[in-house]
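A.B. asks: Got a predicted structure plus its sequence, pasted below:
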Amino acid sequence: MKRLSIGLILAFSLFAAHAALAQESAVRAYTIGVGDRLRVSVWQEPTLDRSVEVGVDSLIVLPLVGPIKAAGYSPAQLSRTLTEKYSLYKRDISQVEVVVAEYNSREIYVIGEISNRGRYTFQVIPDLWTVIMQAGGPTQAAYLGEVRILRGTGSEEKSIRVNLNDFLLGGDASYLPRLQPGDTVYIPASTNRGVDAFATSVVYVYGEVRSPGLYLIGQEEDLVGAILTAGGLSLNADPKRIRIIRKEGERRVVNEVNLKDYLEKGEIYANPLLRPGDTIEVVERRSSGVRRFFSELIQPSFSTITQTLSLILIIDRISDTN
């Protein structure tokens, strides 16, 4: 048991050391960019300490040193340069430390149906889902099937569409496109085009409606509202026989509603409130199948027969006249 515990401690220590080295490596590899805020510490002369922002010209301005280029260098490289510069003025200055306080050159904007909209900065920009979770995660009204990454400006602006539902169901982060500094992540609200795969306040509408599918519902959604959201009844729908299938405990209960009682008589019971998870089936009229068969198959044939008979009658009349 002791050996196992020691082994676990060693494994954890190695993991922690590896993580620390990876973090340190990322810090060293970071390249200072325009907009970054730097903290400059002059160890032997604290009065020269400054917090400065890298301007659009890539420069920072420091006492004694004046303007000096910062963008494009790592913090370690800039530290060495500043140490050389300051030592020319004061020989006892032997160490200047540069730390990135704000990684403003690597900013991502998150807007739309997100808990905390706004601007986020990163030392190393993570994947799309990590950025969304950093912003508090999507709201309940979010539609993750069509998240957009807006990149560039003017004529170079482009929109990258991402189906996050596929990622959440599959779990493969390599599927996600890499974010770039300045990108805007837009999470749309649920619409009649669809809802998030993990949404709970949804109903399924199918059968004789114009746009069958899964729809997000509000707290006081009724049957008519859900049907209208699905595009309304089709021409073949039977409003007298609309079924609401609802889970009650371990079984499913089917209630049939005559919607005409509500539409024509105003009977409230015929337009019940829905619950999340309900399934609405709009049944086809019994005679509609026969009517469609007649209109699509029999009617064209009947027209052809009528035309043929008319032609025969005309020919007979011509023959009798002659």
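C.D. replies: Cool, got the structure.
A.B. asks: where exactly do the strands run in the stretch 151-300 of the chain?
C.D. replies: With DSSP state E, counting those that start in this stretch applied, the stretch 151-300 of the chain shows strands at 158-162, 184-187, 202-207, 213-216, 237-248, 251-257, 279-284, listed in chain order.
A.B. asks: Show the average pLDDT along the first one.
C.D. replies: Strand 158-162 carries an average pLDDT of 90.
A.B. asks: low-scoring stretches of the stretch 101-250 of the chain, by residue?
C.D. replies: Counting by pLDDT under 70, the stretch 101-250 of the chain shows low-confidence ranges at 170-171, 191-200.
A.B. asks: ok, 80 please
C.D. replies: Judged by pLDDT under 80, the stretch 101-250 of the chain has its weakly predicted residues at 140-141, 153-156, 166, 168-175, 190-202, 213-219, 250.
A.B. asks: So which residues of it form helices?
C.D. replies: 128-134, 164-170, 223-229 (DSSP state H, counting those that start in this stretch).
A.B. asks: can you list contacts of the last one?
C.D. replies: Judged by C-beta atoms under 8 Å, 6 or more residues apart in numbering, the contacts made with helix 223-229 from elsewhere in the structure are 192, 203, 205, 209, 215, 217, 233, 242, 244, 257, 259, 262, 271-272, 274, 280, 282. Placement of C-beta: from N, CA and C, glycine included.
A.B. asks: From those residues, keep the buried residues only.
C.D. replies: 203, 205, 209, 215, 217, 233, 242, 244, 257, 259, 262, 271-272, 274, 280, 282 (16 or more other C-beta atoms under 10 Å).
A.B. asks: wait, doesn't residue 283 sit right on residue 241?
C.D. replies: Yes - checked against C-beta atoms under 8 Å, the pair residue 283 and residue 241 is within contact range at 4.3 Å.
A.B. asks: looking at it, residue 260 is touching residue 240, isn't it?
C.D. replies: Yes - with contacts counted by C-beta under 8 Å, residue 260 reaches residue 240, the gap being 5.6 Å.
A.B. asks: shared neighbours of these two, which are they?
C.D. replies: Joint contacts of residue 260 and residue 240 (C-beta under 8 Å, 6+ apart) do not exist.
A.B. asks: residue contacts, residue 86?
C.D. replies: Contact partners of residue 86, counting by C-beta under 8 Å, 6+ apart, are 42, 45, 48, 64-65, 93, 96.
A.B. asks: who wins for most neighbours among the residues you listed?
C.D. replies: Ranked by neighbour count under the definition other C-beta atoms under 10 Å, those are headed by residue 96 with 25 neighbours.
A.B. asks: Test of understanding: give the bridge partners of that residue.
C.D. replies: Applying DSSP bridges to residue 96 gives these bridge partners: residue 42.
A.B. asks: got a pLDDT number for it?
C.D. replies: Among the per-residue scores, residue 96 holds a pLDDT of 93.
A.B. asks: Pretty sure it sits against residue 44.
C.D. replies: No - counting by C-beta under 8 Å, residue 96 does not reach residue 44; the two are 9.1 Å apart.
A.B. asks: coming back round to it: can you convert the strands of the stretch 151-300 of the chain into a markdown table and add a column each for distance to residue 119?
C.D. replies: Output for those, formatted as a markdown table (distance: least, C-beta to C-beta, whole Å):
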| stretch | distance to residue 119 |
| --- | --- |
| strand 158-162 | 19 |
| strand 184-187 | 10 |
| strand 202-207 | 32 |
| strand 213-216 | 28 |
| strand 237-248 | 43 |
| strand 251-257 | 48 |
| strand 279-284 | 42 |
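A.B. asks: wait, doesn't residue 104 sit right on residue 55?
C.D. replies: No - under the contact definition of C-beta under 8 Å, residue 104 does not touch residue 55, with a separation of 11.6 Å.
A.B. asks: What's the per-residue pLDDT of residue 6 here?
C.D. replies: Per-residue confidence (pLDDT) for residue 6: 49.
A.B. asks: same question but for residue 265, I mixed them up
C.D. replies: Residue 265 is assigned a pLDDT of 88 by the prediction.
A.B. asks: what about residue 207, how many neighbours?
C.D. replies: Residue 207 has 20 neighbouring residues, counting by other C-beta under 10 Å.
A.B. asks: That one reaches residue 283, doesn't it?
C.D. replies: Yes - at 6.2 Å, residue 207 counts as touching residue 283 under the criterion of C-beta under 8 Å.
A.B. asks: Overlap of the contact sets of these two?
C.D. replies: Where contact means C-beta under 8 Å, 6+ apart, the residues bridging residue 207 and residue 283 through contact with each are residue 237.
A.B. asks: Tell me how this structure divides into domains.
C.D. replies: Segmentation of the chain into domains, based on automatic domain parsing, reads 31-102, 107-187, 202-284, 293-322.
A.B. asks: What ranges does the stretch 1-150 of the chain have for its strands?
C.D. replies: Counting by DSSP E, counting those that start in this stretch, the strands of the stretch 1-150 of the chain are 37-42, 50-53, 59-62, 66-69, 96-102, 107-112, 118-121, 147-151.
A.B. asks: can you put those strands in a markdown table and add distance to residue 172?
C.D. replies: Listed next are the strands of the stretch 1-150 of the chain as a markdown table, based on distance: least, C-beta to C-beta, whole Å:
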| stretch | distance to residue 172 |
| --- | --- |
| strand 37-42 | 36 |
| strand 50-53 | 39 |
| strand 59-62 | 42 |
| strand 66-69 | 41 |
| strand 96-102 | 32 |
| strand 107-112 | 21 |
| strand 118-121 | 24 |
| strand 147-151 | 16 |
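A.B. asks: Cheers, nothing more for now.
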